[in-house]
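J.: with the sequence up front, the predicted model follows.
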Amino acid sequence: MYLCLWTLFTHYLPFSLVIMERRCVVETWTDLGFLGKACTPKVKFGAGTFVFICTGSDEVFVFSAHEKRLTASNSFRLQAVLRFPGPVRDVAESHDEQLLFVASRSGVYCVSLQSLLHSSSDDASCGPAELNISSESLVARADGVLTLLLVGSLLLTLCRTDTSWLLTLYKRTQSSACEVLGSFGLPLVSPALQSAGSKTGPARGPVLTCVHPAGDATPSSPTPSAGAGLCLEPLLFKLLFGVEAALAGSPVVLCGLPDGRLCFLPLRVPGPRLRVLHSLEQPLVFVGASVVRETSAGHAQCLVAVGEEGRVVLIRGDGGGAEGGGCSAAAFTEVHVSGPVLCGTADRNCLYYSTGADLCCLNLSDGLLGREEKSKGGEASGMMSNVAPLSPSSLNVSQVTDLAEPLCSDAGEVQLLGLSSRGQLQRISLPVRREDEGCSRHSSSQIGRSVKDLLSAIGDVHERASALEATIKSKNQILRQLNHALNISFLLTAADDAEEHRLPKEESIRCHAVASWGRLLQKDSLILTCVLDNSSPYSLDRGWTLCLAVCPLSSSSTATEETSSTNFSFPFHSLGPGETLEVSLPAAAAGQASFPLTVSCSLVFSLSDLLGEGRAASPSGSESRSLSFPLDTLTVDWLHVLQLTAPPAPSQSSGRAVDGVRAFLSSRRVRRSRAVDSGGQPERYSASLRVASELLKDTVQPKGLRPDTKGPEPDPQSLGLSLLHWLLSERCGGVKASPGGEKVDIGSTVVHARAPNGAAVKLTAKEINAQEESVGKEETVAHVEVQIESSSMAALCGLHHAVLRRTQTLLQMAPVRPASTKGIQMLGLRRVMQHAEIQQSRVSEAFSAGMSSGQTNQFLLSVYRELRQNSLLVI
Amino acid sequence: MAEKMFLPVSLLDRWTQENDELTVKCKQERQNALCPDQNHTGLRWCSSEFHKLARKIQGTPPHADYAQLELSVVYNVCMCFVSQSQFTEAELLLKQAIERVQQMTEGDSRMSVPVQLWRSALKYVENTALYPFVLRLLCVQWAIWLANCQFKTMKEFQKEISSLLETLNQEKESLNQEKEKSSNVPKLVMDPRRLVELLQISTAIAEGAEKLNEGQGSEVLPVLREASDMPAPRALISYTHLLSGSCLAHMNRPQMALQCYRQALETDSRCVCALYQSTLVYRQLGNTQAEIQALRILHSTLLLPSTAEPSVTGIHLSPSLLLRSQSLSSLLSVPSALSVLHSLALKCVLYGRVSEGVQHYLDLLAALHSEDQQGVYADVSTLPKLPKLYLEAGTALLMAQQPTDCMALCSEVISTTLELLPDRVVLEEPEESGGAETEDEGDEGQDRVAVVLWVAAAYLLQAHCYTHTREWKQAVTHYTRCINLLVKVLFKKKVTCFQPQSLSPHTDVKWGMEQWIVQRLKGLSLAGRGISFTQMDHMKEALRDLQLSSQVLPEGVGAGLWCGEVLWKLGRRHEAAACWKKTWSLPKQSLPENLPLYVREEQWSPTLDSTELRHKIQELDPL
């Protein structure tokens, strides 16, 4: 078991060590022997799979790899050796991979690569082809071409004459020869500086690079292959090369001279001039560009120039100035590395350079980190910020004299192709840079920017989240309200059954009303104050509406008179448990309405209210979206609407007592009084009702005066009084008359009032002992007679109906008793029944006889009166 | 004669044969060549072969018998070199040959000065069979002197040359007869007589140009007249006419000059410099329509592919090879096709051919953005800076009622330059002693001012566009942007100059021009904003802006009229009438042509009917 584990460990250990080490791997691919001293040796990647090496002698070695990645040395083959008439200074491949341009003695030669491939593939077995290139393939004749560059269809050569540097533009034509377009000269600074440069080793040649503005159609990779050019960020481009070049989208040729001057020439601008951008004051080794800071397009933001003695100049567009609204300027940052620098190349973030003794890597984003603030102070372009040493990291590869452009894989692996001074072509694979390493090296501005980005992202997310939260909240709210509504609707539907099941009334929603007279629009009108009492544990929220339908009772049964029904609805926002809602509505104007009125209360729940106004707009089915729950049905009868008045003035009648007597008499003898009335006074009608005192004692009389208290016998007068009081003020059918000033008036058992139709009404409650009554010997029950008198028939009927209704409720209220006096009224009942039958027969007789309408009315009235005059006692 | 034995005759024959073969090949190459470049390689090969042959011959000690062959070969080599403009090599070879001739004739060969060398050599070979051969070499030397513009040396040899010409002609006759007799005479790549003709007319032209440059035009005219009758290629004859024309133009006889230019063109249709010179004369005469016509022809001629000249057997010496003097090339120089196109477009727009001008501007922009650009690399470019060009094109487009295209051009200018806008710019009066060392700094300063002016003008144009489309609010925004930018430009004047200096573009200083442009831009943008405010019924703001505009740019007609209109609307009728009257009484100012197109006052804004205004005034003041 142990053994097994141990082997496992030892098996994995070396693997982990390899990961830890992070060394760069150097593979020697080929050995070309000793390098010539005449010129700088060069190694270049072709656009395709070619690698070109000129060792400084007359020869150019053309290698081809099977693929661009340079995976293994065996895939890398020497294709051809080209021998030129003189020492080869520089090579450049055209972008279409067809032609190789070589600067040698007496000009630029052009070799077709296609023919090379064909010739070598034919005799693949017998090794590389050796070709002598003669002056026939000379395409541009110029003495001492030091370096060349291909930009599109242009060929640029740089030569040195006795007095100046000469940059010549050729146009490549279909025929082999090139057409001279123009040449630009730059006078030499001083011969002394030139000779100083050539003291050490071979004379350093100038450097040519092409820079495109970003956004151009040209490939935008920051380190393109084979002179396709660098894509520079627009701002930096503008700052360095001017508005015209930017507007024309012109490629710009950068030219680094051995005297340290960095010059540029915009190609597509009319009337171009070769101008000096900067001077390093030491021979330029490398001019390139680096991304440094990640932008969306990946355009290079930094131009790098490296001098032979280790001066590195980084040129950036100063974004800080632009934010401040002022003129932005290019920031030149100078960095020193220990020289001599033999060659250099750059990738996205790093500058690689060789000192001969070592190959070093300089992280450029590091170099810009500390200088951000300092360079902001510069107001003019060309301002130099402080020179500070940087710490390049050593890659531990020695004797590299030239480097090709680095190849970066997607994984971040960097491969360099180097040529050592011993003539070896080496592939240098750099360790993969860790992600965290890269992160920690962000410059402060980068951090600032990323923090800004993060903050704005957070802001965005917050905005979206809060919006979502709001909708969730509102939906929750709606759900809660719906739940409430459901609960309430259950409660309300249950309340419908409550009549039968006798549920506790306290736990429900009720509606009652108070009727009062007021003046409205200069009219006396009945104002009904409806009170919605929410005694349920739920609150009524938005979406609920209290609907009240007022219609006369008499017409409610007949469908024809719907117009008399008036609807009121009161939407309300919130009605918590225990709260009440009070609404007032004009029920009727005086003299217009017919009483009793029925007020049907209902609660309506509208979904559209709940969901918001916008969705309620749909015209169709707006009714279907609301649920209606009927509440109480209230009845406003004549008693509710009586307006108590003072008794008639003494001047009009002989006196209260006389009046009382007369009233009594007239009530007793209706017919006689009628006869009397016909004399001049308006006819007075009356009706009466008898209620047993026992019943009243239990219900109507105030508690303190109850007979149960064994107190003295209550005042017989008081029983009538309290009945009247009860009739006029007690709530009945959910409606209560407004207390008004009636308490003042009900001092006697006679009440004068005015009916809504304006008729005067008199109510009398009189306690009568059975003994006094001589109607029947058996009837010994004490009772109270309520007599209604009015000159208006309608008022009389209405009041009678109302009093009867009250009495019905009175009976319901009364506690159930042993029916001791059950048989008492049997006789009376029988008599009444008999009487009623007689009347019935008379009525039918009368109708069948075919009387005139006036007669019929008279007759029916008399029948009615007689029926009213029954002497039955309500027990 | 004894030495002749040492040298096998076969060798002499072989060399002669080789020379003849090479000569034939050279002529064939010349004929086969479709374009001059291909010819170049063949010529190079020939010259190197000839050179090898010459070195072989010169490897033997100098001798009279094969001296003829040697001199002929040297003539051939030198002609090849000269035609490839390798003058130093040719001159070296000539010198060697002459020295060998002197060695042959036991003369003093150690003279270093070439003039003396030639004199003595001629003296020694006079009356010998070698004389014509040496004369031929002298012709080559003459060509080299001419190409190197060594007029002084040529003058010293004037007498010899003129006398030699005759003898050479005579010799030629006899030589031809001789040639028919013996085939032993080595062949030559170019007939010396042709060479002499070429040299004569070229010398006349070069010297004429030189004299013209020195201001002695009247002296040259008869010489040129004479030269124009010489047998010579058409190009050279047309040059003589051209030069005559230039002389006449200098002598202030423009109509005669035009005649000469016409003659030059009739002689050689590719003589574009004659066309160009005639446009200059037309401009001087103020004949705009003719100038436009000439510019159009010039442009289309410049766009034509340069056709190869009719091939002549033998080596061809192009006139440009021999005529390399500075004064002549300045006379012959023609601006690039793009520059011509630009001036054509500008002229068209300025003189009422707007749609044509727009087309030319669009062609110009397209040409500038194309990959393949001829003439961009011409040394001298009179093209304005690209942003200015964009703005001019935009103005032309707006004039042609294409506001959206104008907007696009302006926004491109703005987006490119916006980041480079300085906080503020001080426009300083340049110092008198502005030397070369401050040129770069001054350049940069001017650039900063230029950037501000470009962007301001772009905003102004955009605002005009919005006015055109009646989007008053946008117009106000853009006018305001323009004004805000212009406020950044500060003027700094020297305290030392006390004399009041009126702002006028006619002061040739660039500084004055820029200041003037700033003022005009300010005035125009204020006026435009005022008019826009009027349209939006902001009368108070409108009045303020229009009055400011009248202050800044008193000659602005639109601002004055609209100011009156606003006053009228505000009920200040008498003031309005006064304002209108004042505006009408303004003198018509002619704007200089170098004033940018976009600061000219055009009828961008809604116009006011003058007759209606006069009617209003009459109503107000019936007297």
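T.: Yep, that arrived.

J.: for residue 350, which non-adjacent residue is spatially closest?
T.: Because you didn't say which chain, this covers chain A. Nearest non-adjacent residue to residue A:350, counting by Cβ to Cβ, 6 or more residues apart in numbering or on different chains: residue A:361, 5.1 Å away. C-beta here means a position set from N, CA and C on the backbone, and glycine is covered the same way.

J.: actually chain B
T.: residue B:593 (6.9 Å).

J.: on that earlier part again, part of a helix, is the residue nearest to residue A:350?
T.: No: per DSSP: H, G, I helix; E, B strand; the rest coil, residue A:361 lies outside any helix segment and is strand.

J.: so the helix or strand harbouring residue A:146, near chain B or not?
T.: Assignment of secondary structure by DSSP states H and E places residue A:146 within strand A:145-151. No: using Cβ under 8 Å from any Cβ of the partner chain, strand A:145-151 never reaches chain B; the gap is at least 10.2 Å.

J.: helices or strands next to that strand in the packing?
T.: The criterion is 3 or more Cβ pairs under 8 Å, 6 or more residues apart in numbering or on different chains; DSSP states H and E, and the helices and strands that strand A:145-151 contacts are strand A:90-93, strand A:99-104, strand A:107-112, strand A:154-160, strand A:207-213.

J.: list the neighbouring strands of that strand plus their orientation.
T.: In the sheet, strand A:145-151 lines up against strand A:154-160 (antiparallel) (DSSP bridges).

J.: quick check: next helix or strand after the partner strand?
T.: That would be, after strand A:154-160 and using DSSP H and E, strand A:164-172.

J.: next structured bit after that following strand?
T.: strand A:178-187.

J.: residues of that next one that come out buried?
T.: A:178, A:181, A:183-184, A:186 (16 or more other Cβ atoms under 10 Å in any protein chain shown).

J.: out of those, who's nearest chain B?
T.: residue A:181 (4.6 Å; Cβ to the nearest Cβ).

J.: that closest one touches residue A:154, doesn't it?
T.: Yes: contact between residue A:181 and residue A:154 holds when scored by Cβ atoms under 8 Å: they sit 7.4 Å apart.

J.: and the residue of the stretch 251-400 of chain A closest to chain B?
T.: Closest point on the stretch 251-400 of chain A to chain B, by Cβ to the nearest Cβ, is residue A:271, at 2.9 Å.

J.: list phi and psi for that residue.
T.: Dihedral pair for residue A:271: phi 60, psi 50, per degrees, to the nearest 10.

J.: go on, residue B:385?
T.: phi -60, psi 150.

J.: compute the distance between it and residue B:56, please.
T.: As judged by Cβ to Cβ, to the nearest Å, residue B:385 and residue B:56 stand 59 Å apart.

J.: swap in residue B:540?
T.: 99 Å.

J.: looking at the two, which is more packed in?
T.: Using other Cβ atoms under 10 Å in any protein chain shown as the criterion, residue B:540 and residue B:56 rank with residue B:56 on top: 14 against 10.

J.: what's near enough to touch the more buried one?
T.: Applying Cβ atoms under 8 Å, 6 or more residues apart in numbering or on different chains, one finds that residue B:56 lies in contact with residue B:15.

J.: against which helices or strands is the longest helix seen in chain A packed?
T.: Longest helix in chain A by number of residues (criterion: DSSP state H): helix A:444-501. Applying 3+ Cβ pairs under 8 Å, 6+ apart, one finds that helix A:444-501 contacts strand A:509-520, strand A:597-606, helix A:607-611, strand A:626-636.

J.: now these in a markdown table, with mean neighbour count, mean pLDDT and distance to residue A:413?
T.: Below are these laid out as a markdown table (neighbours: other Cβ atoms under 10 Å in any protein chain shown; pLDDT from 0 to 100; distance: least, Cβ to Cβ, whole Å):
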| stretch | mean neighbour count | mean pLDDT | distance to residue A:413 |
| --- | --- | --- | --- |
| strand A:509-520 | 19 | 76 | 78 |
| strand A:597-606 | 22 | 80 | 69 |
| helix A:607-611 | 17 | 71 | 60 |
| strand A:626-636 | 20 | 77 | 71 |
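
J.: closest to residue B:135 out of these?
T.: helix A:607-611 (115.4 Å; Cβ to Cβ).

J.: so which bits of the stretch 401-550 of chain B are right by chain A?
T.: B:412-413, B:416-417, B:419-423, B:447-448, B:451, B:454.

J.: show the buried residues in those.
T.: Judged by 16+ other Cβ under 10 Å, buried ones among these: B:413, B:416-417, B:419-422, B:447-448, B:451, B:454.

J.: which one in the residues you listed is the model shakiest on?
T.: pLDDT across these is at its lowest for residue B:447, which sits at 74.

J.: in what helix or strand does the residue nearest to it when sequence neighbours are not counted lie?
T.: For residue B:447, ignoring the flanking residues on the chain, the nearest one in space by Cβ to Cβ, 6+ apart is residue A:242 at 7.5 Å. Secondary structure assignment for residue A:242, by DSSP H and E: helix A:234-248.

J.: surely residue B:560 and residue B:578 touch.
T.: No: with contact defined as Cβ under 8 Å, residue B:560 does not count as touching residue B:578 (10.6 Å).

J.: out of the two, which sits in the more crowded spot?
T.: residue B:560 (25 against 14).

J.: leaving out chain neighbours, which residue sits closest to the more buried one?
T.: residue B:583 (3.1 Å).

J.: name the SS class of the one you found, please.
T.: helix.

J.: neighbours around it, how many?
T.: Using other Cβ under 10 Å: residue B:583 sits among 22 other residues.

J.: quick one: it from chain A, how far?
T.: Computed as Cβ to the nearest Cβ, to the nearest Å, the residue B:583 to chain A distance reads 38 Å.

J.: dump the residue contacts of that residue.
T.: Here residue B:583 is in contact with B:557, B:560-561, B:563-564 (Cβ under 8 Å, 6+ apart).

J.: among the residues you listed, which are located in helices?
T.: Going by DSSP H, the helices hold B:557, B:560-561, B:563-564 from the contacts of residue B:583.

J.: most neighbours, which of the residues you listed?
T.: residue B:563 (29 neighbours).

J.: ok, that one - contacts?
T.: Counting by Cβ under 8 Å, 6+ apart, residue B:563 has contacts B:530, B:543, B:546-547, B:549-550, B:579, B:583.

J.: can you tell me the closest non-neighbouring residue to it?
T.: residue B:546 (3.9 Å).

J.: count of neighbours near the one you found?
T.: 30.

J.: and it, which of the three is it?
T.: helix.

J.: domain map for chain B?
T.: B:1-190, B:192-306+B:325-334 (automatic domain parsing).

J.: pick the most buried one from the ones you listed.
T.: domain B:192-306+B:325-334 (a mean of 19; mean count of other Cβ atoms under 10 Å in any protein chain shown).

J.: span of that one from start to end?
T.: 33 Å (Cα to Cα, to the nearest Å).

J.: any idea of the pLDDT on the residue of the stretch 51-200 of chain A found nearest chain B?
T.: Chain B sits closest to residue A:182 of the stretch 51-200 of chain A, with a gap of 3.2 Å, by Cβ to the nearest Cβ. Looking at residue A:182, its pLDDT reads 79.

J.: residue B:483 too?
T.: pLDDT, residue B:483: 92.

J.: then residue A:700?
T.: 62.

J.: so in chain B, where's the weakest helix or strand by average pLDDT?
T.: helix B:2-6 (a mean of 45; mean pLDDT, DSSP states H and E).
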